[in-house]
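K.L.:
build me a model from this:
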Amino acid sequence: MIDDSWRAKWQAAQDAVGQDLSDGATRWGADRIEAAVVRRYVEPLEIGTLIHTEKEAAVAAGYPGLVAPATGALAFSLPAMWSPGEETLWKSSERNAQPARTPINNEDPGPIPRTEGFFATDIEADFLRPVEIGERVGTKGRHLLSCVLKETSVGRGAFMTVESQIVSDRGDTVARLRTTLFAFDPIPEERMSEHVEAGANG
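P.N.:
Numbers count the residues shown, from 1 in each chain. Predicted structure coming up:
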């Protein structure tokens, strides 16, 4: 018999669909966007659009100055990983050790239960305008659009889609992001045979 008791821990998350799970505050990126940072961003990707590296080209295209690639908006909006005076991120010397904290993992998940693992499955973005050199951007909002429970080969959990905004210190929204991730707990070994059997029969 398949054990579905794990579904109960997700009820609060399912009830929260349609709500903004954030506290309304903006989480600002570590620094203002600088020309040198943009250059180092476009170099390994070999983005040849001159509006990112040559001011004359950007002005000729109608911009007041250099603009950052749209694809870099999320990276530029991330808070600092570590600052002087804080404890080390690396509390374990074990192989494949993960940082003790990271801005991509919410410290306050709200009604979403904590799980042993998670990974993103897709990201959609609506870019509303280019971000200019000198701006500071951050993320705001965490609207839970969907929460679909699923038992997969990696574990039992939920596929959740969350929408957030990338905002500028100029007061407007520059992009909207919709991220889908699968948060899960591994299937207990004693239940794995049932999972395999169910998959074979399904």
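K.L.:
which residue lies nearest the spatial centre of this structure?
P.N.:
I104 (5.4 Å; C-alpha atoms, centre = their mean).
K.L.:
show me what contacts it?
P.N.:
L78 (C-beta atoms under 8 Å, 6 or more residues apart in numbering). (Each C-beta comes from the backbone N, C-alpha and C, glycine too.)
K.L.:
mind checking pLDDT for it?
P.N.:
If you check I104, the pLDDT there is 71.
K.L.:
got it, and A100?
P.N.:
82.
K.L.:
now do the phi/psi pair for I51.
P.N.:
Main-chain torsions, I51, degrees, to the nearest 10: phi -60, psi -10.
K.L.:
go ahead and confirm V67 touches I51.
P.N.:
Yes. Between V67 and I51 there is a contact under C-beta atoms under 8 Å: 5.5 Å.
K.L.:
which stretches in this structure count as helices?
P.N.:
Secondary structure of the chain, counting by DSSP state H: helices at 11-15, 35-45, 55-60, 73-76, 189-201.
K.L.:
list the contacts of the residue lying closest to A97 once chain neighbours are set aside.
P.N.:
Leaving aside its chain neighbours, A97 sits nearest to W90 (6.5 Å; criterion: C-beta to C-beta, 6 or more residues apart in numbering). Counting by C-beta under 8 Å, 6+ apart, W90 touches A97, P99, A100.
K.L.:
need these in JSON lines with neighbour count and distance to F76, can you?
P.N.:
Below are the contacts of W90 laid out as JSON lines (neighbours: other C-beta atoms under 10 Å; distance: C-beta to C-beta, whole Å):
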{"residue": "A97", "neighbour count": "11", "distance to F76": "27"}
{"residue": "P99", "neighbour count": "13", "distance to F76": "20"}
{"residue": "A100", "neighbour count": "12", "distance to F76": "24"}
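K.L.:
can you lay out these as CSV showing distance to T152?
P.N.:
Below are these laid out as CSV (distance: C-beta to C-beta, whole Å):
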residue, distance to T152
A97, 26
P99, 26
A100, 28
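K.L.:
circling back: what sits in contact with each of V67 and I51?
P.N.:
A58, P130.
K.L.:
which elements pack onto the top strand by length along the chain?
P.N.:
As assigned by DSSP state E, the longest strand anywhere in the chain is strand 137-151. The elements that strand 137-151 packs onto, with contact taken as 3 or more C-beta pairs under 8 Å, 6 or more residues apart in numbering; DSSP states H and E, are helix 11-15, strand 26-28, strand 156-168, strand 173-185.
K.L.:
most packed of those?
P.N.:
strand 156-168 (a mean of 21; mean count of other C-beta atoms under 10 Å).
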